[in-house]
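Colleague: Here is the input, now give the coordinates:
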Amino acid sequence: MSDEPETTASAAPAEQPAQAEKAEKPAKAPKAPKAEKAKKPAKAKGAKAGKGGELLPSIANHPRAGAQVRRAKGWGGLGGFVLVGVLSWRAHVPGSDVLLRAIMGGIAGYVATWAAAVALWRHLVIAELRAVRVARLTALAEKRRPPAG
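Modeller: Just a heads-up that it's a prediction; the model follows:
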């Protein structure tokens, strides 16, 4: 063993190859700018366009249907949660099982109510469209009718 103290110079050569490897990596070429695309107009949520570009009737486009379906889902989930929770509690089920069953009941109530609300509003939207069509045809027939006299 030598009595000479080690210097930091002996550690320096070990660091130099790591720095050399970093320097040898080629720099990334800058990306070419992408061609700008023409922006399409934003559609309403759930809007589907037909062949002519017109919006097709849907529950999402209806002024009242979307809000009614959301409200029904909320009440259905809450009702299912409370109903199953109370029934489980009255059956003397342990507390953790009561909560688990109540959550599952809430999910089932949410989904069942959603399906029923969507089915109901599909029929209501179609009925409203038929009523509008009949009213327009009646108004058109009134305009085309020759004046009496």
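Colleague: Residue 136: how many residues sit nearby?
Modeller: The local packing of residue 136 (other C-beta atoms under 10 Å) involves 10 other residues. Heads up, the C-betas are built off the backbone N, CA and C, glycines and all.
Colleague: The one 3 residues further on now?
Modeller: Using other C-beta under 10 Å, residue 139 has 10 other residues around it.
Colleague: again, but for residue 85
Modeller: As a burial measure, residue 85 scores 18 neighbours (other C-beta under 10 Å).
Colleague: Tell me if I am right that it is in a strand.
Modeller: No - under DSSP: H, G, I helix; E, B strand; the rest coil, residue 85 falls outside any strand and is assigned helix.
Colleague: Enumerate every residue touching it.
Modeller: Residues in contact with residue 85 (C-beta atoms under 8 Å, 6 or more residues apart in numbering) are 98, 99, 101, 102, 105.
Colleague: ok, now how distant is the third one from residue 90?
Modeller: Same thing as residue 101. Between residue 101 and residue 90 the distance, using C-beta to C-beta, to the nearest Å, works out to 12 Å.
Colleague: Could you do the fourth one as well?
Modeller: When distances are taken as C-beta to C-beta, residue 102 and residue 90 turn out to be 12 Å apart.
Colleague: Between these two, point out the one with more neighbours.
Modeller: residue 102 (20 against 9).
Colleague: Is the residue nearest to residue 78 when sequence neighbours are not counted within a helix or a strand, and which one?
Modeller: Spatial nearest neighbour of residue 78, excluding adjacent residues (C-beta to C-beta, 6 or more residues apart in numbering): residue 106 at 7.0 Å. Assigning secondary structure by DSSP states H and E places residue 106 in helix 95-144.
Colleague: sec struct for the closest residue to residue 126 other than its chain neighbours, please.
Modeller: In space, not counting the residues next to it along the chain, residue 126 is nearest to residue 57; the distance is 7.6 Å by C-beta to C-beta, 6+ apart. Under three-state DSSP, residue 57 falls in the coil class.
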